[in-house]
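Undergrad: Sharing a model prediction with you, sequence too.
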Amino acid sequence: MSKKKKISRKDFIKLSGIASGTLGAALLSPSPAKKLNLFKKDGYTYRDRSDRYPGWVRTVDEITTEFDLAKTEKATKSAPMFLSKENMAEAKEEGKKYRIRGIKEEIPGETLADVALFEATGQIQGYMLPFGRYGNHQWPTENVLTPEELGVDRWSGSEEEAADKLDAVARAFGAHQVGFSALEPKWLKNAVLDPNVKGVKKSEDGPTRIPESYKYVATLLLHAPPELSKRAPSALGSAADRSTYMRLYMARVGMINFITTMGYEAMVLPGLDVPHAIRAGLGELGRVNRMISPIYGGNVRLTSVLTNMPVALDKPIDFGLQEFCKHCKKCAEACPAGAISTADEPTWEPQGEWQVPGTKAYYEDSPACYEYWLRHDTLCASCMVACPWSKQDKTALHDVIGFTGATAPGISKLLTSLDDSFGYGVIKMASPEMENWWKYDLPPFEYDA
Amino acid sequence: MLLFLLGMVFGVGLTVLYYEKLEVNFPWYSWVLFALGMLSLMFSFDVLFGSIAEHEIKAAWLGFGIFALVGFVMLILGWRQRPATQTE
């Protein structure tokens, strides 16, 4: 038997002191300033924001979804247009009956209190919708001070500094992330870039004409309240969608105002948020045909600001989602309308005129989704919540699974089975568990400060 | 705070074992099993309390059960590798 090694009490105290001192110094020392890798490409300054993700999320040069701008055409119709007037009226009537039955029978998730929250958030969200001139909100933007009114020069700084400032502004208004990308004119909706206009020109009978200097897009991301979202597609769960947009629109107005006082111009992006968000490295395109974030999953909402304030752009990311989504299909199984594609591979063929072609994607049946909304008076979003990437951050288990999913996306079916076994996803409709939300002691907006 | 306390217990326990009480020589792979077992046990508590905070009760107890069981099995396997002839 070997002789035991002994340490004296004095040595032990000495070692403990050294260890505590080292730990304290490490904890109290200021974090090193972030050093982002900057580079120039196509006349823009880019920065590598891999620092905002775990190591298993890689930054890449091109977005992971195949797209072809030559095939990209503007969507001319929205999904509701594909429902007949009779069908829509009948569906709305059914939705009304569904709502009243839920209240009278006190169905969990559809009670009067649940509906009241849905309605309360909806009224504020509706007030914040961009119906004003240029797509901007009228009341909070028109009286914003400009440098001319102050008698000072407009702000001048590097593109990187501008990006840092807008990042801070987005967070001050409650956004969880912001990403910057170059405007893709093909992803505009009823708007075109016009080299001959100095300011934005809105037309009643044609597309809005935007100066060519408006080439920077800031996309804001908000994580929807996770606990409320799990109650989708009930009235209670739908309040999560509305409360998120309500705050997202406020953040968007705040950013427009900030840019105005800095001496530049900005407007709500009259175009597609999702491809710009993906280009800005906020996520990848998933089976839901929406963006999936590696941190917040599908349970996010996006909005974008178009500006002429030069900012450094972000690189797209890759966390293996393209392969993961091929096998998982949990969102499609969760969709109560059966609107999400269950195809094994993405396709270049859209399902209808409401979709923008030119992307190899899993195109959804949007009219079926919309009809379900009407018949149940809901905003659903079950697919976004069911996504296995839509997790909170209170246990390291999610980091382990995230790492596994990103490095071995081929086994996503197994991970999805585990996800089901652990009980993750949307709460079963009309389950008594729905009403537990009212009893939880949740932090404001369900986020710990 | 929970992880801090677990880390403290783990660290103090190892120190005491190493300097004061350890009378047997375990092979190197026992130490690997001990380390993995303790890691799994600590992880099981992280899953338990983290998932309860997320109101994912099924995930909490299932995760705790799986990782705690794996941890205990590893610790037992490690302990069983001690030489049979060694005595106090």
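TA: That came through, no problem.
Undergrad: So which bits of stretch A:152-171 are buried?
TA: The neighbour-count check on stretch A:152-171 (16 or more other Cβ atoms under 10 Å in any protein chain shown) flags A:159, A:162, A:163, A:164, A:165, A:166, A:167, A:169, A:170 as buried. All C-beta atoms are positioned from the backbone trio N, CA, C, and that covers glycine.
Undergrad: next one: stretch A:394-411
TA: Judged by neighbour count (16+ other Cβ under 10 Å), stretch A:394-411 contains these buried residues: A:394, A:395, A:397, A:398, A:401, A:402, A:404, A:405, A:406, A:409, A:411.
Undergrad: Tell me if it is near chain B.
TA: Yes: residues of stretch A:394-411 contacting chain B under Cβ under 8 Å from any Cβ of the partner chain: A:394, A:395, A:396, A:397.
Undergrad: I'd like the residues you listed as CSV, with secondary structure and pLDDT appended.
TA: Output for the residues of stretch A:394-411 next to chain B, formatted as CSV (DSSP: H, G, I helix; E, B strand; the rest coil; pLDDT from 0 to 100):
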residue, secondary structure, pLDDT
A:394, coil, 93
A:395, coil, 94
A:396, coil, 94
A:397, helix, 95
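Undergrad: Show me the strands in the stretch 1-150 of chain A, by range?
TA: Ranges of strands within the stretch 1-150 of chain A are A:37-41, A:44-48, A:58-59, based on DSSP state E, counting those that start in this stretch.
Undergrad: Work out for me the element the residue nearest to residue A:146 when sequence neighbours are not counted sits within.
TA: Nearest residue to residue A:146, sequence neighbours excluded (Cβ to Cβ, 6 or more residues apart in numbering or on different chains): residue A:260, at 6.1 Å. Following DSSP states H and E, one finds residue A:260 within helix A:235-261.
Undergrad: any idea which helix or strand comes after that helix?
TA: Next element after helix A:235-261 (DSSP H and E): strand A:266-268.
Undergrad: distance between that next one and the chain's centre?
TA: Its chain's average C-alpha position is 18 Å from that of strand A:266-268, according to Cα atoms, centre = their mean, to the nearest Å.
Undergrad: what do you get for stretch A:258-272?
TA: Using Cα atoms, centre = their mean, the offset of stretch A:258-272 from its chain centre is 19 Å.
Undergrad: Now do the same for residue B:3: its pLDDT.
TA: With respect to pLDDT, residue B:3 scores 67.
Undergrad: Equivalent analysis for the one 3 residues further on, please.
TA: Turning to residue B:6, the model gives it a pLDDT of 73.
Undergrad: Over to residue A:249?
TA: We have a pLDDT of 88 for residue A:249.
Undergrad: what's the answer for residue A:149, then?
TA: Per-residue confidence for residue A:149 comes out at a pLDDT of 94.
Undergrad: how close does it sit to chain B?
TA: Between residue A:149 and chain B the computed distance is 49 Å (Cβ to the nearest Cβ, to the nearest Å).
Undergrad: and that residue, how many residues sit next to it?
TA: By the criterion of other Cβ atoms under 10 Å in any protein chain shown, residue A:149 has 9 neighbours.
Undergrad: mean pLDDT for the strands of the stretch 1-150 of chain A: which is lowest?
TA: Note on the strands of the stretch 1-150 of chain A: strand A:37-41 shows the lowest mean pLDDT, a mean of 86.
Undergrad: Just checking: what are the partner strands of that one?
TA: Strand A:37-41 has its sheet partners listed here by DSSP bridges as strand A:44-48 (antiparallel).
Undergrad: I'd like to know which elements the strand or helix carrying residue A:412 is packed against.
TA: Element membership for residue A:412, per DSSP H and E: helix A:412-421. In this structure, helix A:412-421 packs against helix A:321-328, helix A:330-334, helix A:397-407, with contacts taken as 3 or more Cβ pairs under 8 Å, 6 or more residues apart in numbering or on different chains; DSSP states H and E.
Undergrad: Can you add distance to residue B:66 and give the ones you listed back as CSV?
TA: Below are these laid out as CSV (distance: least, Cβ to Cβ, whole Å):
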stretch, distance to residue B:66
helix A:321-328, 21
helix A:330-334, 21
helix A:397-407, 10
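Undergrad: Tell me which of those helices lies nearest to residue A:86.
TA: Among these, helix A:330-334 comes nearest to residue A:86, with 29.0 Å by Cβ to Cβ.
Undergrad: Not counting the helix or strand just after that closest one itself, show me its contacts.
TA: On the C-terminal side of helix A:330-334, the closest following helix or strand by DSSP H and E is helix A:366-376. With Cβ atoms under 8 Å, 6 or more residues apart in numbering or on different chains as the test, helix A:366-376 has contacts from A:79-80, A:82-83, A:87-88, A:91-92, A:94-95, A:98, A:233, A:335-339, A:351-352, A:354-355, A:378-380.
Undergrad: can you give me the mean pLDDT across helix A:366-376?
TA: For helix A:366-376, the per-residue pLDDT averages 94.
Undergrad: can you give me how far it is from the chain middle?
TA: Mean-position distance between helix A:366-376 and its chain equals 22 Å (Cα atoms, centre = their mean).
Undergrad: got the CA coordinates for that helix in CSV?
TA: Provided in CSV are the C-alpha atoms of helix A:366-376 (Å, rounded to 0.1, in the frame of the first residue of the first chain):
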residue,chain,number,x,y,z
SER,A,366,-50.9,28.9,-46.6
PRO,A,367,-54.7,29.1,-47.5
ALA,A,368,-55.2,25.9,-45.4
CYS,A,369,-53.3,27.5,-42.5
TYR,A,370,-55.3,30.7,-42.8
GLU,A,371,-58.6,28.9,-43.0
TYR,A,372,-57.8,27.1,-39.8
TRP,A,373,-57.1,30.5,-38.2
LEU,A,374,-60.5,31.7,-39.2
ARG,A,375,-62.4,28.6,-38.1
HIS,A,376,-60.7,28.7,-34.7
